[in-house]
Structure formats: structure tokens, C-alpha cells
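[1] Provided below are the primary sequence and the corresponding predicted coordinates.
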There are 2 protein chains.
Amino acid sequence: MAGKLGIVAGGGDLPARLIEVCRERRRDVFVVALEGHTDPETVKDVEHVWLRLGAALDALEPLRAAGVEELVMAGPVTRPSLAELRPNLRATRFLAKVGGFALGDDGLLRGVIHGLEEEGFRVVGVDDILDDLIAEAKTYGRLAPDTQARRDIERGIEVAKATGAQDIGQAAVVQQGLVLGVEAVEGTDALLSRCGEVRREGPGGVLVKVKKPGQERRADLPTIGTHTVAGAAAAGLRGIAVEAGGTLIIDAAKVAAAADEAGLFVVGITVEP
Amino acid sequence: MAGKLGIVAGGGDLPARLIEVCRERRRDVFVVALEGHTDPETVKDVEHVWLRLGAALDALEPLRAAGVEELVMAGPVTRPSLAELRPNLRATRFLAKVGGFALGDDGLLRGVIHGLEEEGFRVVGVDDILDDLIAEAKTYGRLAPDTQARRDIERGIEVAKATGAQDIGQAAVVQQGLVLGVEAVEGTDALLSRCGEVRREGPGGVLVKVKKPGQERRADLPTIGTHTVAGAAAAGLRGIAVEAGGTLIIDAAKVAAAADEAGLFVVGITVEP
């Protein structure tokens, strides 16, 4: 029987889904909730501690006191400015040690994971626990992309890989070869809503999400869920393509049903490295 | 004395500025105004013809009839979807000939310029006519970027060059190392307004505009003007950096004055190729 799971909860639906599955499996959890990131609803019925990001290392003692040995990070944590972060002394020392003041998101996350391991925790990926979470190379739901959509997906992969390599973001929207938008810190929901405003006439575009080249698998894999399908539909898109093996689909059955309902395709695509 | 100048007018302030300068120099102009792109105010006092983009080649006869030999393209023309373009037979043939159905913006513009030259027109860059338009490697106005801003500019150049190489866009906003936003089809005004919404606390970010690697100089060089300064100020930015020799500053004296007034820096930066 697996011991109590420590969950560092970022934004979005993933932390709640993880807690739900642990409850079904009768696995205890202890949640580190991050001010401004974690949805308060998520932690209301489980053991947890609230911390601001700049004091997140103060979670180490409560985690140990709760008997946690295995840790998982779930949900995106948007990187704040240093002024917002207001790192306490402990966080400042840690950031100085891993070079976090100069690192991009990926480097910083790798530093955080390494630091947690040095503290004696086993850090696993959320997909190690929710084994049906990783996107497969297949069509979810009834609809599949046609030739035009396949072309837009190809272009979207190219664009999202290029921006991912720059540590900018992991998503792009392409319509008939035209890049309607590229994700940066605003997140996929905001990307979709503005692409709805600049969409062109004719066949709608596609949302493409891929992992960054060299992305740390145990933190911040790109994720879609039913609300991504709703956002894509509202933006007039024809479908969503995610990198098979490199993105998470929260509750694939519900996502497929939502896609069918909205008349969109959702497809996992194998991306050549 | 230079002959009548043909101006293919896109969006923004540049066509009006060009017409104003030609008037000062007593040079006649004939404007090809593009439906949905050109500001109607721009052409109200000058000889012009209105055309939709999909029928833009029908400008050839009016241009010849008006005695135009030299042509310039001024102001951005956002690429429409094929459905919106509704190319007439002539445009369809032209697009097929230059391979425009598959080309990115740059390739298409190069094809258009080549086609116009084959028709006997001399196509020049807007900076050949407005010789004080190209950004220089200097500070415009009183303020200069500090160390943090210089670092954000470096990062912005890196990001904008990477997205430019993908033919996505030419601008990025960076705050304290974080990429707040990257421009695609929405344009710089929309980019600035959303970056205002996702800005972090602390020292504000910078807008960086660069030309795309391999960009056709005679079409669509990135441009800033006083309204860019206003947009950057409204978004809480600290300044604007543009590529020296590769971007246009419309009315540099007014831009410098607007920057001083708003407390922003505007700087031309030499970018290593």
C-alpha cells in the first residue's frame, strides 16, 4: 500500500482530479496549496497547508510531519516576478544555490525537484500516479482531422516546438496556415479567447499543445481537459492536437464526450524528436 | 523631380505620414486603398482607388493610367484566410504562379513585389522615400534602459528573432526575464493591451520589435509610432527597443517627445545577425 502522497498544487483542474483519484484508491494525501495558484475548493476536504510561493520551502516540515515520502507536482504555477515572489531567506538561499535567479522555467523546476530529492523526498510525475493521463497516439471521440486540419497541426507543432525551445510557452493556434496566436504566460484559456477574436472566415483552426524540448516530465507537462474543449469550441476551432507521450489529458472519457458534443476533434499526435 | 508615387496603403499611420511628406515635397501620389486595411481618412484628399485585397491586381491599370512608375507599400496588411480573400481570376492565377497558396507572409510579399516589377513598376522601400524613418542605434528622448531593462531587451530580441524565423510575428514583451507575450496576427496594439493584463509587480517590461531574418525590406518592416508609446505606457512597460536599421519609427521627434512625456525609453539597438 502506497504511503501518504504529498501534492504541490498549482492551478487548473489537475490537483482536484488527482485528489479525487487518491480518494477512490483510499490513498491519503497532504496538499501544499500555493496562494494565488491553487483553487481553494480543491483543498477544502483534505489535509493541507497554505503557503505563498516565496515561502514554499516552509512546506518541508509540515510534509515530513505528515509522514509524506512521495511528492508530486500537479498543475501549472505561473512564474511571478521577483518583486511578487518576495522570497524569504530560505527561498533566497535556495534560489541562489540552484542559480534560479537566472534560470528559465524549466531550469528552475529542475532545480526545485533536485532540491526536494536532496531533502529526502521521492519526486514522481503526476502520470506515474494517474496512469491513464498521458495522451496516446489516437483519436479521442468520433471526429478526426481532415487534410487541411492535418496541415494546420503540422504547422502548429513546428511553431509550438520553436516557442517551446525558447521557453516561451507550449501552445499555438493555427488556422489555414496562419498562426493566430502563440501562448506565453497568459495560458491556454486566454490564448483561445483572443484567437476567437482574430479568427478568419472559412474552416476553423486547431489548438496544438506540445511539450518543450528537454522538458522535465515531473513538472508542468502541457495539459488539456473538458474546459479546453469548451474554450476551443467558443473560439471557432475545429479541433485540438496534443503531443502523444508528452501531454496530459485530464479525464479522457469526458474530454472525448465533450469533443463529440461540440463537434470538435481531439487527437494525440506522435511528434518526431 | 520625382514622378507620381504609387502607394499601396496598408493599415496604421504610415500611409498618412507618407502622403503628408509627399505633399510637403510637392510630389504627386496615387493611392491603392485596400478595403478593411486602409484608414478611409488617409485617402480622402488624394487621388486613389479602393480595391479589396482579392482584386488588388486590378490596380495595375489605374496605376498606369495615373502615370505611376514608382511604387511603395506602406503599412501592414494582415493576411486573410483564403475564404476571406476571395481572389478573383487574375489574383488566383497570380497566386498559383508565385506559389502563394503555400507561402508564408514573407514569401508571398516577395512574390507580389517580383510580380509588380515584371509589370514594369519600380518597387522601392518606404525608407527610400522617408529617409529619416529607419531606426538608428541611439536613444530617442531623455530616458535610457537600465541594467534590468537591457537584460529584458536581450531576451526580447532572442524571442522575437525566434518567432520571426518561424514567420509568426516580429514583437515580444519581456518583463524581468519573463516573456509576457509574443505577437502573432493580432498586432502590436493587441499584444500590448493583453500584456498589461498579465504584467507582474515590480519594474515594468519592455516591448521589442525586430525584423524577421530574411525579411523583404520593401514590405512590412516592423513599425512604431506615438500610439505605440501610448500603448506601451498603458501596459505599464518601461520602454521600447527596436532593431536599428531594421524597423521604422514614424515621426521620430514626436515619438521621442511622447516617450519623455510618458516616462518611457525608446531605443534603437544593433542586433547581431
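    Everything's here; your move.

[2] how about residue A:77, what does it touch?
    By Cβ atoms under 8 Å, 6 or more residues apart in numbering or on different chains, residue A:77 lies in contact with A:10, A:11, A:34, A:37, A:53, A:220. In this view, the C-beta of every residue, glycine as well, is placed from N, C-alpha and C.

[3] which SS class is it?
    Assigned by DSSP: H, G, I helix; E, B strand; the rest coil, the conformation of residue A:77 is coil.

[4] read off the pLDDT value for it.
    Residue A:77 carries a pLDDT value of 80.

[5] now it: how far from chain B?
    13 Å (Cβ to the nearest Cβ, to the nearest Å).

[6] sorry, back to before: quick check, nearest of the contacts of residue A:77 to residue A:127?
    Using Cβ to Cβ, the shortest approach to residue A:127 within those belongs to residue A:220, at 12.2 Å.

[7] that closest one: neighbour count?
    Here the count is done by other Cβ atoms under 10 Å in any protein chain shown, and residue A:220 has 22 residues near it.

[8] tell me which helix or strand it sits in.
    Using DSSP states H and E, residue A:220 maps to neither a helix nor a strand.

[9] what's the nearest residue to the residue in the stretch 51-200 of chain A positioned nearest to chain B if we skip its chain neighbours?
    Closest contact between the stretch 51-200 of chain A and chain B, by Cβ to the nearest Cβ, is at residue A:83 (2.7 Å). Closest residue to residue A:83 apart from its sequence neighbours, by Cβ to Cβ, 6 or more residues apart in numbering or on different chains: residue B:202 at 2.7 Å.

[10] what sits against that neighbour?
    Neighbours of residue B:202 in contact, by Cβ under 8 Å, 6+ apart: A:81, A:82, A:83, A:84, B:175, B:176.

[11] what about it, which SS state?
    At residue B:202, secondary structure determined by three-state DSSP is coil.

[12] quick one, strands of chain A?
    Remark: strands assigned in chain A by DSSP state E are A:5-9, A:29-34, A:48-51, A:70-74, A:122-124, A:139-140, A:171-175, A:178-182, A:206-209, A:223-224, A:239-243, A:248-249, A:265-269.

[13] measure the residue of the stretch 51-200 of chain A closest to chain B to residue A:50 for me?
    Taking Cβ to Cβ, to the nearest Å as the measure, residue A:83 and residue A:50 are separated by 21 Å.

[14] considering the contacts of residue B:202, which possesses the most neighbours?
    Result: residue B:175 is most packed of those (other Cβ under 10 Å), 29 neighbours.

[15] dump the residue contacts of it.
    Taking Cβ under 8 Å, 6+ apart, one finds A:81, B:152, B:195, B:199, B:200, B:202, B:203, B:204, B:205, B:206, B:237 in contact with residue B:175.

[16] out of the residues you listed, which are buried?
    Among these, those scoring as buried are A:81, B:152, B:195, B:199, B:200, B:203, B:204, B:205, B:206, B:237 (criterion: 16 or more other Cβ atoms under 10 Å in any protein chain shown).

[17] right, is stretch A:151-164 up against chain B?
    Yes. Stretch A:151-164 comes into contact with chain B (Cβ under 8 Å from any Cβ of the partner chain), by way of A:158, A:159, A:162, A:163.

[18] give me every residue in the stretch 51-200 of chain A lying close to chain B.
    Going by Cβ under 8 Å from any Cβ, the residues of the stretch 51-200 of chain A near chain B are A:79-84, A:102, A:104, A:158-159, A:162-163, A:165-169, A:175-182, A:184-186, A:190, A:194, A:197-198, A:200.

[19] which residues of chain A score low on pLDDT?
    A:1, A:81, A:99-107 (pLDDT under 70).

[20] can you give me the helices for it?
    For chain A, applying DSSP state H gives helices covering A:14-24, A:60-65, A:82-85, A:89-98, A:105-118, A:126-129, A:147-165, A:187-198, A:226-234, A:252-262.

[21] so who does the residue lying closest to residue A:264 once chain neighbours are set aside touch?
    Excluding the flanking residues, the one nearest residue A:264 by Cβ to Cβ, 6+ apart is residue A:239, at 4.9 Å. For residue A:239, the contact set (Cβ under 8 Å, 6+ apart) comprises A:143, A:145, A:149, A:206, A:207, A:232, A:259, A:264, A:265, A:266, A:267.

[22] if we can go back for a sec, hmm, the residue of the stretch 51-200 of chain A closest to chain B is touching residue B:199, no?
    No. With contact defined as Cβ atoms under 8 Å, residue A:83 does not reach residue B:199; the gap is 11.1 Å.

[23] wait, what's in contact with the closest residue to residue A:271 other than its chain neighbours?
    Nearest residue to residue A:271 in three dimensions, chain neighbours excluded: residue A:243, at 4.9 Å (Cβ to Cβ, 6+ apart). Residues in contact with residue A:243, defined by Cβ under 8 Å, 6+ apart, are A:135, A:157, A:209, A:210, A:211, A:222, A:268, A:269, A:270, A:271.

[24] go on, residue A:159?
    Residue A:159 touches A:172, A:174, A:179, A:182, A:208, B:166, B:168, counting by Cβ under 8 Å, 6+ apart.

[25] re earlier: which one of the contacts of residue A:239 has the most neighbours?
    For these, the largest neighbour count, defined by other Cβ under 10 Å, is 33 neighbours, found at residue A:207.

[26] was I right about it contacting residue A:247?
    No. Counting by Cβ under 8 Å, residue A:247 is not a contact partner of residue A:207; they are 11.3 Å apart.

[27] returning to what we had before: nearest to residue B:18 among the contacts of residue A:159?
    residue B:168 (27.0 Å).

[28] that closest one contacts residue B:184, correct?
    Yes. Under the criterion of Cβ under 8 Å, residue B:168 makes contact with residue B:184 at 5.4 Å.

[29] I'd like to know how far residue A:41 sits from chain B.
    From residue A:41 to chain B the distance is 23 Å (Cβ to the nearest Cβ).

[30] and the nearest residue to that residue once chain neighbours are set aside, how many neighbours?
    The shortest distance from residue A:41 to any non-neighbouring residue, by Cβ to Cβ, 6+ apart, is to residue A:16 (7.3 Å). Counted with other Cβ under 10 Å, the neighbours of residue A:16 add up to 18.

[31] over to the one 5 residues further on?
    Residues contacting residue A:21 under the criterion other Cβ under 10 Å number 17.

[32] ok, now which ones touch it?
    A:129, A:130.

[33] quick one: it and residue B:61, what's the gap?
    Counting by Cβ to Cβ, the gap from residue A:21 to residue B:61 is 69 Å.

[34] returning to that earlier point: among the contacts of residue A:159, which ones are buried?
    A:172, A:174, A:179, A:182, A:208, B:166, B:168.
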